[in-house]
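Peer 1: sequence below, structure please.
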Amino acid sequence: MTGIFTRLYLARARRKGLSSVLPAAALMPLQRTGLDPVPALGQTREREPISRLPLPFAANVWLVTGYDEAKAVLGDARRFSNDFTNLVGYAGVTAEDNPGGLGFTDPPVHTRLRRLLTPEFTMRRLARLTPEIQAIVEQRLDAMAAADQPVDLVAEFAVPIPSLVISELLGVPYGDREEFQQLSVARFDVFDGVGASLGAMSQSMEYLHGVVRKQREEPGDGLLGALIRDHGDEVSDRELAELADGVLTGGFETTASMLALGALVLLQDRGLLERVRDDDEVVPGLVEELLRYLTVVQVAFPRFAREDVEIAGTRIEQGDVVLCSLSGADRDAVLGPGMEQFDPDRGSTSHLAFGHGLHRCIGAELARMELRAAYPALVRRFPDIRLAVAPSELRFRKASIVYGLDTLPVHVK
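Peer 2: Just a heads-up that it's a prediction; the model follows:
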């Protein structure tokens, strides 16, 4: 879900310097204090669930922080467009910057592409990955057990698991998976420099085009092979590579961030850690509450008003840009009492961690499978796992579409 935001951010940063990319007020929806959105986000929601946001990409930008209001925007594909052409001209964006895939398309293009992918993401089809997910988790636990102490849970556990799972899903050859994982990590690493990140994006797209060409010649058992066998005449190599890139950008960094941040929640509550270790029935509800509470994708894809619209008494004019704060909406009191706190016993609660409507994350069930497998396996293998540094020493991303930790040092022995 984050590829184009990364491209826009880095492209503007490369031209003007990181300090002048966004005004301070515009960064507020992307900032947190530890695991919690900054207080200003909640205050904005209480005062104005739809408010103006100063962004350089457009003249009239709205920030939606209320849950009901966000659902109204995200669920209305008739009056709000996701089409990439709406972005052309903002911050120097050109038509050539279009990443393709599902995120920046409207029907009927979106309908056609989603129809191709949906059968591959049903629970029945994803069930075939269960043994592979479990094996990948166990491999990472073995590596952690063998590593010098302390172990970085981000680098050794949270990052490799979704990368390897996506490799399996797409059908990336085993011999290529180390290279695929390195490219997956590098494309999201701004700290190595703007040029390096943009270069990794280009490299990964070139790599995916190569994978598609090989799959055309000999379709494998993964998603790409299945799409070629079932719909080969309907989809081009470029579209296949773009869909694969969308699966990578949507399912890698988000799940990695959830694995690390969710583990941190467990590490700070020994009683909860023991419950997860001893009771399988706790896990599904825990995962849903972690998804809501953490909401690592902080802002949804931008929407563009196709016509004048009124939502919750706010008039949005045709052509206006609308950004929905998912992290703000998921803390809205309309969902129930105490939504600013984490409560593993909350029970069934709606959330927007995977978005809503036409563009709801197609890989939501796969992410749930990974989280449900990884958390209990981690605490059962390492019942004495504990932070290796004080919580105050942990480094979180300062302002990011996808929130996360840089590192998470732990002792497992």
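Peer 1: make it CA atoms for all contacts and neighbour counts henceforth
Peer 2: OK.
Peer 1: so where's this structure uncertain?
Peer 2: For the chain, applying pLDDT under 70 flags the ranges 1-23, 55-59, 90-93, 97, 99, 174-175, 177-204.
Peer 1: let's see 50
Peer 2: Low-confidence segments of the chain (pLDDT under 50): 1-20, 188-199.
Peer 1: gap between the two ends of stretch 146-154?
Peer 2: 16 Å (CA to CA, to the nearest Å).
Peer 1: now stretch 396-410
Peer 2: For stretch 396-410, the end-to-end distance is 16 Å (CA to CA).
Peer 1: buried set for that stretch?
Peer 2: Buried positions in stretch 396-410, judged by neighbour count with 16 or more other CA atoms under 10 Å: 396, 400, 401, 402, 403, 404, 405, 407, 408, 409, 410.
Peer 1: for residue 218, the count of nearby residues, please.
Peer 2: 12 (other CA atoms under 10 Å).
Peer 1: distance of it relative to residue 116?
Peer 2: Separation of residue 218 from residue 116 (CA to CA): 19 Å.
Peer 1: one more: residue 349?
Peer 2: Residue 349 is 30 Å from residue 116, where distance means CA to CA.
Peer 1: same question, residue 170
Peer 2: Distance, residue 170 to residue 116, by CA to CA: 14 Å.
Peer 1: between those two, which is the more surrounded one?
Peer 2: Counted by other CA under 10 Å, residue 170 and residue 116 do not tie: residue 170 has more neighbours, with 22 against 17.
Peer 1: wait, doesn't that one sit right on residue 226?
Peer 2: No: the criterion here is CA atoms under 8 Å, and residue 170 misses it with residue 226 at 9.4 Å.
Peer 1: now residue 152. Nearest residue, chain neighbours left out?
Peer 2: Distances taken as CA to CA, 6 or more residues apart in numbering place residue 409 nearest to residue 152, at 4.4 Å, with adjacent residues excluded.
Peer 1: check residue 94 too.
Peer 2: Nearest residue to residue 94, sequence neighbours excluded (CA to CA, 6+ apart): residue 88, at 5.0 Å.
Peer 1: which helix or strand contains the one you found?
Peer 2: Assigned by DSSP states H and E, residue 88 belongs to no helix or strand.
Peer 1: now the residue positioned nearest the centre of the chain: how far from residue 295?
Peer 2: For the chain, the residue sitting closest to the mean C-alpha position, by CA atoms, centre = their mean, is residue 254 at 3.1 Å. Distance of residue 254 to residue 295, computed by CA to CA: 9 Å.
Peer 1: with residue 214 instead?
Peer 2: According to CA to CA, residue 214 stands 37 Å off from residue 295.
Peer 1: what about the two, which has more around it?
Peer 2: Neighbour count, other CA under 10 Å: between residue 214 and residue 295, residue 295 has more, with 30 against 15.
Peer 1: the more buried one contacts residue 329, correct?
Peer 2: No: assessed by CA under 8 Å, residue 295 is found out of contact with residue 329, at 9.5 Å.
Peer 1: overlap in contacts of those two?
Peer 2: Common contact partners of residue 295 and residue 329 (CA atoms under 8 Å, 6 or more residues apart in numbering): residue 352.
Peer 1: tell me which stretches of the stretch 101-250 of the chain form helices.
Peer 2: With DSSP state H, counting those that start in this stretch applied, the stretch 101-250 of the chain shows helices at 109-117, 123-126, 130-146, 153, 160-170, 177-186, 194-217, 223-231, 237-251, listed in chain order.
Peer 1: columns distance to residue 353 on top of those, output as JSON lines?
Peer 2: Formatted as JSON lines, those follow (distance: least, CA to CA, whole Å):
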{"stretch": "helix 109-117", "distance to residue 353": "19"}
{"stretch": "helix 123-126", "distance to residue 353": "19"}
{"stretch": "helix 130-146", "distance to residue 353": "22"}
{"stretch": "helix 153", "distance to residue 353": "23"}
{"stretch": "helix 160-170", "distance to residue 353": "17"}
{"stretch": "helix 177-186", "distance to residue 353": "22"}
{"stretch": "helix 194-217", "distance to residue 353": "25"}
{"stretch": "helix 223-231", "distance to residue 353": "24"}
{"stretch": "helix 237-251", "distance to residue 353": "12"}
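Peer 1: among those helices, which comes closest to residue 94?
Peer 2: helix 194-217 (15.7 Å; CA to CA).
Peer 1: gap between the two ends of stretch 405-413?
Peer 2: With CA to CA as the measure, stretch 405-413 spans 22 Å from end to end.
Peer 1: can you tell me what sits against that stretch?
Peer 2: With contact meaning CA under 8 Å, 6+ apart, stretch 405-413 is reached by 144-145, 149-155, 257, 260-261, 264, 382-389, 394-397.
Peer 1: so what's the residue of the chain positioned farthest from its centre up against?
Peer 2: Most distant from the centre of the chain: residue 217, at 31.7 Å, with distances by CA atoms, centre = their mean. Listed by CA under 8 Å, 6+ apart, residue 217 has no contact partners.
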